[in-house]
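# Okay, here's the prediction I keep looking at, along with the sequence it came from:
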Amino acid sequence: MPGSFDPVTLGHLDVIERAAGLFDELHVLVVHNPSKTALLPVAQRVELIETSIREAGFAGNITVASWSVGLLVDYCTDVGASVLVKGIRSQVDVAYETPMAIVNRNLAHVETVFLLPDPAHAHVSSSLVRQVAGLGGDVSPYVPRAVAALLEPGTSSDLL
């Protein structure tokens with residue numbers, strides 16, 4: 001399950017939990033998106049995801065890693081994965097993800113499964129969380145506890 005996870009949200013955790021229940025093994029992969037300016041370093045995003053998964057008590061079949069060089073399907077080939085899981089919130093996400101899913105299937109025979117979020121989290125995105133945090137708002141309803149503590153007003157001025 002690839003994503004920028006900058007930062008990880010409760011919507012991400014919802015999809016991670018459900019995907020872990022569908023597959024014997026789930027890799028949550030923090031990937032670099034060159035079209036986005038990151039708030040958090042990749043290593044910190046990996047750590048926040050691991051902490052959030054542990055605190056949520058999810059199954060032990062989840063590996064968290066990062067990937068910044070090469071194609072996503074190269075990682076899939078390296079670990080023997082034949083399916084990518086993508087959480088989608090709206091038609092905009094479907095339009096963005098569909099061409100990539102087709103190319104990934106053509107390049108490496110890797111299928112993509114789209115999972116819809118719990119409606120309680122369908123409006124939440126990492127960019128929205130960054131914006132709210134940057135303006136001093138409370139992000140705790142949208143993110144795991146470790147992320148909320150990090151982004152709490154007055155504690156992250158060097159990040160935002």
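Noted; the coordinates are in hand. Numbering: from 1, shown residues only.
# What residues sit buried inside stretch 93-113?
Within stretch 93-113, the residues that qualify as buried by neighbour count (16 or more other CB atoms under 10 Å) are Asp93, Glu97, Ala101, Asn104, Val110, Thr112. Using the backbone N, CA and C atoms, a C-beta is placed for each residue, glycine as well.
# Show me the contact partners of it.
By CB atoms under 8 Å, 6 or more residues apart in numbering, the residues outside stretch 93-113 that reach it are 22, 71-74, 76-77, 81-88, 114.
# what's the closest of these to Met1?
When those are compared for distance to Met1 (CB to CB), Val85 wins out at 4.3 Å.
# For burial, what's the neighbour tally of that closest one?
Using other CB atoms under 10 Å, Val85 has 23 neighbouring residues.
# Equivalent analysis for Ala120, please.
Ala120 is flanked by 11 other residues according to other CB under 10 Å.
# One more: Leu29?
Leu29 has 22 neighbours, counted by other CB under 10 Å.
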